[in-house]
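Engineer: Sequence and computational prediction follow.
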Amino acid sequence: MKFFFPCAKGLEYLLVDELLALGATRASAAVAGVNAEGSVELAYRVVLHSRLASRALWPLAEFECADEAALYAGVRALDWSRHLAADGTLVVDANVSGAGITHARFAAQRVKDAIVDRFREQGGVRPSVDAESPDLRLNLVVRKGRAVLSVDLGGPLHRRGWRRAQGEAPLKENLAAAMLIRGGWPKAYAEGGGLLDPMCGAGTLLIEGALMAADVAPGLARHGDAMPTRWRGFDSALWQRLVDEARERERAGRAALRPVCFGRDRDPQAIRAAMANAEAAGVAEAIHFECADVRELAAPGPARGVVVCNPPYDERLAADPALYRDLGDALRRAVPDWRAALLCGDRELAFATGLRANKTYTLFNGALECALIVCDPIAVPARAPREDKPLSEGAQMVANRLRKNLRKLKGWREREAVSCYRAYDADLPEYAAAIDVYTEDGGEERVFLHIQEYEAPREIPEADARRRFGELVRAAAEVFSVPRERIALKTRARGKGGSKYGRFDRRGEFIVVREGAVRLRVNLFDYLDTGLFLDHRPVRLRIAREAAGKRFLNLFCYTGAASVHAAMGGAAQTTSVDLSATYLEWAAANLALNGCAGQRHRLVQADAVAWLEAERGEYDLIFCDPPTFSNSARAEDFDVQREHVRLLRAAVARLAPDGLLIFSNNFRRFRLDETAVGEFAQVREISPDTIPPDFARNARIHRCWELRRR
């Protein structure tokens, strides 16, 4: 069966993982929710066990819905006696978009009218509306001229049933769960760690953390011994079996729960509310609450653990930066070796803490876009200052070549407004590395360098290779006047299995750069690649020029840069496919950064080849830039040389009659099977036209072809 599980924006990829753990056979992130497939039991388990979903929707019908008449007819056509007694109660929640039906409340009313009229037609007795405790809760979504009507199995799942009191700005329990998961609390508890909230308010984070540690299913307190719905299609025997299993896990978990949770707040009323809530949740003995100012924070008992905190901010994301600074200072002083997950009003407030984030996530607290920063550890050891020394002879030689390259590229960069480019590509063979420049868009317009070392020949001693790379870095820092903390280094280390790249930083630091008309987020420090392949700049700019009014498909979309260009170029719709949840989350952030979030821009987590072969949609413009090789537990191994005919056949089949497929890859030994591909496509290689001036030394960095349907 297919289900839809809504959630707060920003939790989609965490919910995908949770649904797979609960037994889903497939799960893919959408905007503010997840489409999932699985057995009937999956839906029941989500209602009982999900910590992240907002609702569990069981689809009853999907039909064309151009206007309110079609909506009324589609709903009335269903046999409602299978779902609800004639004298029962119901309520309808609706969400609509498009020109046909514009008012959600009106749409909900028409659904209710259709159901009532169907019952009147059959016997005269009709259901009534009960907004608080209906026998049947329905959910209607109308989008792009189609209606989906679903049973809402458990109502709002973020409600756990223990809340007796709340502060001025209560945090929803599913958002609290996401913070705890991102902060690594389940693992920390298993390893004997503690949980600390120095501004705990009504205690939501601590109570959710204690219940999570005790393995208490969120639905147990919410529904008690009652059924979550009185829908006639609900299997009460299956539900009771799952509840009995959850009760047994709860008994064992509560018996073993350790009192390692600590809450502080300077407001006595907030502490009283937190204690009342903890008592109602049955975890009062596991949490120690204290009324105290954050500036007086002292280390709790455990040597290590997780700090979770949602510092105050209002509906305008306004807050006192000094309070955030006090929080950061207190954590560095009291628990420097702990891990922290802090939900801040925005990135500026996160920056005000003075803490260095390993990861930064965008979450939505209701309609408010917030920044969740994860710091591990809280206090990063300071680096000793380095004395400036004159450049060595080798470093000076690299510096001279860099200055020459900059002079050569200057006219092109100014004419094309290029702010991210390759400045050096092993121009001097003994200094084998690539130097890429990234200029921040807006703010201080800081310059960052991304330096990636190439593998040295085996006959070069390791010490010589390390010395030369150090000289190259010194030269680049001097030429660009860039401090060391703004230079990302990707160095190779020889080990078992040959040369490989060593550990990367975990700074969670994204900067925004500009390419043409679009702004893109890049991460220079945490991954081998930055999120933006600079050599494909001309291809992306061409996509922007050709996308107006077209249906665009981006296969192996990575961080979605090409999709953003298409969207900003006026594409009617974009579809971006990738197997990586991390990259899709990044792509969603890039689209949102350019104001392109919404239903017109679809993100699909799937194996691109398998998805293509199952897809039946038609596209006017397709970009396909697969990896050379990839393997994943979720899909078959992919080898571009072996699989390219199958891939291109499936992609060309999705082209509109006058459509264009742009195919590119970076495998230097790649050979296109022109005979096989020529059977279904017209092919023209355009590689020379797609190599930008800053990659002229490395003209085989990629190869590129145009394909059209025969």
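Structural biologist: Perfect, I can see it now. Residues are numbered from 1 along each chain as shown.
Engineer: CA atoms for contacts and neighbours, from now on please.
Structural biologist: Will do.
Engineer: In the protein, where's the longest helix?
Structural biologist: helix 393-416 (DSSP state H).
Engineer: got the buried residues for that one?
Structural biologist: 395-399, 401-402, 405-406, 409, 413 (16 or more other Cα atoms under 10 Å).
Engineer: Can I take it that Arg514 is in a strand?
Structural biologist: Yes - with DSSP: H, G, I helix; E, B strand; the rest coil as the criterion, Arg514 is part of a strand.
Engineer: quick one: contacts for the nearest residue to it once chain neighbours are set aside?
Structural biologist: In this structure, Arg514 finds its nearest non-sequential neighbour in Asp441, 5.8 Å apart by Cα to Cα, 6 or more residues apart in numbering. By Cα atoms under 8 Å, 6 or more residues apart in numbering, the contact list for Asp441 reads 512-514, 519.
Engineer: Redo the residues you listed as JSON lines? Include neighbour count.
Structural biologist: Below are these laid out as JSON lines (neighbours: other Cα atoms under 10 Å):
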{"residue": "Val512", "neighbour count": "18"}
{"residue": "Val513", "neighbour count": "19"}
{"residue": "Arg514", "neighbour count": "18"}
{"residue": "Arg519", "neighbour count": "19"}
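Engineer: Of those, just say which sits nearest to Ala70.
Structural biologist: Taking Cα to Cα as the measure, Ala70 sits nearest to Arg519 out of these, at 41.3 Å.
Engineer: where's the closest one, which helix or strand?
Structural biologist: Assessed by DSSP states H and E, Arg519 sits inside strand 518-522.
Engineer: can you list contacts of the helix or strand following that strand?
Structural biologist: Note on strand 518-522: by DSSP H and E, the next helix or strand toward the C-terminus is helix 537-546. Outside helix 537-546, the residues within contact range by Cα under 8 Å, 6+ apart are 515-516, 561-562, 565-570, 690-692.
Engineer: at 6 Å what do you get?
Structural biologist: Residues external to helix 537-546 that are found in contact with it (Cα atoms under 6 Å, 6 or more residues apart in numbering): 562, 565-566, 569, 690.
Engineer: Quick one, which of the residues you listed are buried?
Structural biologist: 562, 565-566, 569, 690.
Engineer: circling back: any chance of the contacts of helix 537-546 in a markdown table, with pLDDT, distance to Cys309 and secondary structure too?
Structural biologist: Shown next, in a markdown table, are those (pLDDT from 0 to 100; distance: Cα to Cα, whole Å; DSSP: H, G, I helix; E, B strand; the rest coil):
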| residue | pLDDT | distance to Cys309 | secondary structure |
| --- | --- | --- | --- |
| Ala562 | 98 | 37 | helix |
| His565 | 98 | 37 | helix |
| Ala566 | 97 | 39 | helix |
| Gly569 | 96 | 41 | coil |
| Thr690 | 97 | 48 | helix |
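Engineer: can you name the two of these that are farthest apart?
Structural biologist: Taking Cα to Cα, no two of these sit farther apart than Gly569 and Thr690, at 18.6 Å.
Engineer: who's in contact with Val96?
Structural biologist: Val96 neighbours (Cα under 6 Å, 6+ apart): 104, 141-142.
Engineer: If we use 8 Å, what do you get?
Structural biologist: 102-104, 107, 140-143.
Engineer: can you redo the contacts of helix 537-546 as CSV with distance to Gly354?
Structural biologist: Output for these, formatted as CSV (distance: Cα to Cα, whole Å):
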residue, distance to Gly354
Ala562, 34
His565, 34
Ala566, 37
Gly569, 39
Thr690, 43
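Engineer: which of these lies closest to Glu674?
Structural biologist: Thr690 (20.0 Å).
Engineer: What residue, apart from its backbone neighbours, is nearest that closest one spatially?
Structural biologist: Per Cα to Cα, 6+ apart, closest to Thr690 is Pro538, 5.5 Å.
Engineer: Give me the pLDDT value at the one you found.
Structural biologist: Pro538 is assigned a pLDDT of 97 by the prediction.
Engineer: Next: Ala319.
Structural biologist: pLDDT, Ala319: 78.
Engineer: separation between it and Arg110?
Structural biologist: Distance of Ala319 to Arg110, computed by Cα to Cα, to the nearest Å: 43 Å.
Engineer: again with Thr89
Structural biologist: 16 Å.
Engineer: Could you do Ser392 as well?
Structural biologist: 79 Å.
Engineer: now Glu12
Structural biologist: 31 Å.
Engineer: what about those two, which has more around it?
Structural biologist: Glu12 (25 against 20; other Cα atoms under 10 Å).
Engineer: Contacts only, for the more buried one.
Structural biologist: 29-34.
Engineer: from these, which ones fall inside strands?
Structural biologist: The strands, defined by DSSP state E, take in 29-30, 33-34 from these.
Engineer: By neighbour count, which of the residues you listed wins?
Structural biologist: Ala29 leads those on contacts (other Cα under 10 Å) with 26 neighbours.
Engineer: Which residues does that one form beta bridges with?
Structural biologist: Assessed by DSSP bridges, Ala29 has beta-bridge partners Val34.
Engineer: show me the contacts for it.
Structural biologist: Here Ala29 is in contact with 12-13, 16, 35, 603-605 (Cα under 8 Å, 6+ apart).
Engineer: How about Leu136?
Structural biologist: So Leu136 contacts 83-84, 89-91, 151-152, 229-231 (Cα under 8 Å, 6+ apart).
Engineer: Now, those residues that are in strands?
Structural biologist: Those of the contacts of Leu136 lying in strands (DSSP E): 89-91, 151-152.
Engineer: Dump the residues you listed into TSV; add pLDDT and distance to Met1 as well.
Structural biologist: Below are those laid out as TSV (pLDDT from 0 to 100; distance: Cα to Cα, whole Å):
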residue	pLDDT	distance to Met1
Thr89	96	26
Leu90	96	24
Val91	97	24
Val151	97	14
Asp152	97	15
